[in-house]
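[1] Pasted the sequence and its predicted model underneath.
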Amino acid sequence: MSKTGNRGASRRSLLTTMGAAAIGLTFTSACSQAAKPAGGAEEAKLNFYNWDTYIGETTLADFKKASGVDVNMSLFATNDELFAKLKAGNPGYDVVVPSNEFVTRMGQAGLLMPLDHAKIPNMKNIDPAFLDPDYDKGRKFSMPYTWLVLGLGYRKSKMQGVPDSWKWVFDSPQYKGRIALLSESADLMRLSAKYLGHSVNDIPPEMVKQIEAMLIRQKPYVKAFHEDDGQTLLQNKDVDIVIEYNGDIAQVMKEDDDIGFIVPKEGSLLNSDTLCIPTGAPRPDNAHKFINYLLDAQAGAEISKTILYPTPNAAAKALMPDDYRNNPVIFPPADQMAKCEYGAFEGAERAQLYEEVITRVRAA
């Protein structure tokens, strides 16, 4: 990610290093802005709730030039945080960026507005493989923004060989005190199940107990549970091995050739981050315009050049250089991808169970 100063502060701190004012952003409360002027037309504003380091350097300013709409971007760190915020009542967000299973969960909970595809003509740029996913059939509520895979980022000089298994973070003292795990509960449970030879979905009760015991046993060797800033911990040499997304590690690998990334041999968890309009969005027309703009080929390419995540936008990918399209960290080899799965939303009760397990692990 081409930015100045301290880099890669999280998944997805562009804002802290460029300065909010430099790209037309403010951090006022989303609900402090009135939705409509007296005439009834939407005001030229939009509240965007996004992950950190997850937008092009000039995307928001470019959208304002093209549309006249000023984007106010604020940040969340986990899907759990996003869900809780909207569950309590939309405070004024127009576009949000949930991951795949949370699209299902939020749609079922009535937290998302159906999209008007007629207002998103750039949908034509999406790779057909992403048009009808199980988590949102027919793209009723979401448009794909990125896809991503979790793996192990590591400092090559500190490893004893290539860390090609989840064992080294879940079930071994070998790198004690130098390990960082992802904090998101469902992801941690699913990756543990993958290590134990199971699918990331439909984890049986006895395996849930086995995972909890394993992670509690591993806890003394874990330095941090990070909220998606694992690449920063790795880059700053706070840890030597970390569970992180491929795009985040690709960002720091550009600056530090001692950093590597691998999808472990057991397989991994795929995610897709999406663009959605939450129920109660005060400016749904501007929201559709913004989503359509982000799916433009050139705008999509500019985003990909900055965030280095794999894009589902075929037209944008075609504009990208070879060192992006052929990068095995951004687009892992087919044999690795064949062992990876999307996590399905399996109900609020299961989600709550996973949160309770990881809460106990972290308290152990």
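    It's in.

[2] Just give the nearest non-adjacent residue to residue 331, would you?
    Distances taken as CB to CB, 6 or more residues apart in numbering place residue 310 nearest to residue 331, at 5.7 Å, with adjacent residues excluded. C-betas here are computed from N, CA, C, even on glycine.

[3] For the one you found, which residues are in contact?
    Contact analysis of residue 310 by CB atoms under 8 Å, 6 or more residues apart in numbering lists 146, 147, 148, 246, 247, 330, 331.

[4] pLDDT score assigned to the fifth one?
    Pointing back at residue 247 there. pLDDT for residue 247: 89.

[5] again, but for the one 3 residues further on
    The pLDDT attached to residue 250 in the predicted structure is 91.

[6] can you check residue 229 too?
    Confidence score, pLDDT, at residue 229: 87.

[7] do you know how far it is from residue 119?
    Applying CB to CB, to the nearest Å, the value for residue 229 to residue 119 is 35 Å.

[8] quick revisit: with neighbour count added, can I get the contacts of residue 310 in a markdown table?
    Formatted as a markdown table, these follow (neighbours: other CB atoms under 10 Å):
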| residue | neighbour count |
| --- | --- |
| 146 | 26 |
| 147 | 24 |
| 148 | 22 |
| 246 | 26 |
| 247 | 27 |
| 330 | 22 |
| 331 | 17 |
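
[9] Tell me the one among those residues nearest to residue 71.
    residue 146 (18.3 Å; CB to CB).

[10] any low-confidence regions in the stretch 151-300 of the chain?
    Judged against pLDDT under 70, the stretch 151-300 of the chain has no low-scoring part.

[11] swap the cut-off to 90 and go again
    184, 227-229, 247-248, 251 (pLDDT under 90).

[12] Skip the chain neighbours and tell me the closest residue to residue 303.
    residue 56 (4.2 Å).

[13] got a list of what the one you found touches?
    So residue 56 contacts 62, 299, 302, 303, 305, 306, 307 (CB under 8 Å, 6+ apart).

[14] what's the burial count for the last one?
    This means residue 307. Residues within reach of residue 307, counting by other CB atoms under 10 Å, total 25.

[15] and it, how far is that from residue 298?
    15 Å.

[16] do residue 158 as well
    Distance of residue 158 to residue 298, given as CB to CB: 40 Å.

[17] With residue 44 instead?
    Applying CB to CB to residue 44 and residue 298 gives a distance of 22 Å.

[18] Show me which residues of stretch 120-137 are buried.
    120, 122, 123, 125, 126, 130, 133, 135, 136 (16 or more other CB atoms under 10 Å).

[19] Spatially, what comes nearest to the second one if we skip its sequence neighbours?
    Same thing as residue 122. Per CB to CB, 6+ apart, closest to residue 122 is residue 295, 3.7 Å.

[20] can you tell me how far that neighbour sits from residue 146?
    12 Å.

[21] before we move on, what about residue 352?
    From residue 352 over to residue 146 (counting by CB to CB), the distance is 27 Å.

[22] And the helices in the stretch 1-150 of the chain?
    14-18, 59-67, 79-87, 100-108 (DSSP state H, counting those that start in this stretch).

[23] re earlier: of residue 229 and residue 119, who's got more company?
    residue 229 (24 against 14).

[24] residue nearest the centroid of the protein?
    Per CA atoms, centre = their mean, the C-alpha nearest to the average position across the chain is that of residue 273, at 5.4 Å.

[25] How about the secondary structure of it?
    strand (DSSP: H, G, I helix; E, B strand; the rest coil).

[26] That one contacts residue 143, doesn't it?
    No: with contacts counted by CB atoms under 8 Å, residue 273 stays clear of residue 143, the gap being 10.5 Å.

[27] can you tell me the helix or strand for residue 193?
    Element membership for residue 193 (DSSP states H and E) is helix 185-195.

[28] same question but for residue 244, I mixed them up
    strand 241-245.

[29] And for residue 154?
    strand 143-155.

[30] do residue 225 as well
    Per DSSP H and E: residue 225 is located in strand 222-226.

[31] In its sheet, which strands sit next to that strand, and in what direction?
    strand 179-182 (parallel) (DSSP bridges).

[32] which residues are contacting the partner strand?
    150, 168-169, 188, 191, 221-226, 228, 230, 233-234, 238-244.

[33] show me the contacts for residue 344.
    Contacts of residue 344 (CB under 8 Å, 6+ apart): 101, 104, 134, 135, 201.

[34] does the last one really touch residue 341, like I thought?
    Looking back up the chat, that one is residue 201. Yes: between residue 201 and residue 341 there is a contact at 7.0 Å, judged by CB under 8 Å.

[35] Who are the packing partners of the strand holding residue 154?
    helix 230-235, strand 241-245, helix 246-253, strand 259-262, strand 269-275, helix 284-294 (3 or more CB pairs under 8 Å, 6 or more residues apart in numbering; DSSP states H and E).

[36] How far does the helix or strand just after that strand sit from its chain's centre?
    Proceeding N to C from strand 143-155, the next assigned helix or strand is helix 167-170, under DSSP H and E. How far helix 167-170 lies from its chain's middle: 22 Å, per CA atoms, centre = their mean, to the nearest Å.

[37] So which bits of helix 167-170 are buried?
    168, 169, 170.

[38] Contacts for that helix, please.
    Contacts of helix 167-170 (CB under 8 Å, 6+ apart): 152, 174-175, 179, 181, 191-192, 195, 214-215, 218, 222, 241-243.
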